[in-house]
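Q: Using only what follows, build the 3D model:
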Amino acid sequence: MLEGSFFMQFFQPMHIYRALPEDLPQLRQIAEETFRVAWQADNHPIEFERYCEQAFTLEKLANEMAQPNVAFYLVYWENTLAAYLKLNFNKPVETLETERCTQIERVYVLSDYQSKGLGAAMLLFAEKEARNADSEWIWLSVWQKSPRSVDFYKRNGYDIFGVEIFWVGEDPQPDWLMKKALP
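A: Okay, here's the model as predicted:
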């Protein structure tokens, strides 16, 4: 399964590798499952289902994976898929005034694997990959109604610098834009 994949070990039980097209079924499953667990209870059911039906198809994920500046990573904890990460390289955001930016579009950890340090390790990994892509900044957006997530990013050195709207179906939801300079 890991043969031919980008593979990195942070510490003994955790491994991160770049997802390949043959990983799409697993990627689709963990992407939808983690999104549902994180946000379903806080959203309008019809709008939430509309979003999930569009965002988590194999075709959509394959199209995203095929983009040259997009990378998905699967995170294993003791040989079990526990989390995933999506990075968009050279993805500028207007207010940073540079094109040398990497966006963390998704960072999700299955409930059973939270509080094991995976999220922080995934951020470190994302920052390393962004530096390798010659980015000056790494940035992300996070729902304003999720103070736990906002606090997590702040603890890891990210600062709020703006707002954008994330659409869940027809429901506009304000997200904080958060950034971190890459030395």
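Q: Please count neighbours and contacts with C-alpha atoms only from this point.
A: OK.
Q: what residue is smack in the middle of the chain?
A: For the chain, the residue nearest the mean C-alpha position is residue 106 (1.6 Å; CA atoms, centre = their mean).
Q: Over to that residue. Which of the three states is it?
A: Classification of residue 106 by DSSP: H, G, I helix; E, B strand; the rest coil places it in strand.
Q: That one and residue 74 touch, don't they?
A: No: with contact defined as CA atoms under 8 Å, residue 106 does not count as touching residue 74 (11.5 Å).
Q: What strand or helix carries residue 152?
A: Using DSSP states H and E, residue 152 sits in helix 147-155.
Q: In contact with residue 100, which residues?
A: The contact partners of residue 100, by CA atoms under 8 Å, 6 or more residues apart in numbering, come to 90-92, 134-137.
Q: ditto for residue 76
A: Here residue 76 is in contact with 13-16, 82-83 (criterion: CA under 8 Å, 6+ apart).
Q: Following the helix-or-strand element of the chain with minimal mean pLDDT in sequence, what is the next regular element?
A: Among the helical and strand segments of the chain, the one scoring lowest on mean pLDDT, DSSP states H and E is strand 7-11, with a mean of 41. Moving toward the C-terminus from strand 7-11, the first helix or strand encountered (DSSP H and E) is strand 14-18.
Q: Could you list every helix and strand that that following strand packs against?
A: Contacts defined by 3 or more CA pairs under 8 Å, 6 or more residues apart in numbering; DSSP states H and E place strand 14-18 against strand 7-11, strand 70-77.
Q: Paired strands for that strand, with orientation please.
A: Using DSSP bridges, the strands paired with strand 14-18 are strand 7-11 (antiparallel), strand 70-77 (antiparallel).
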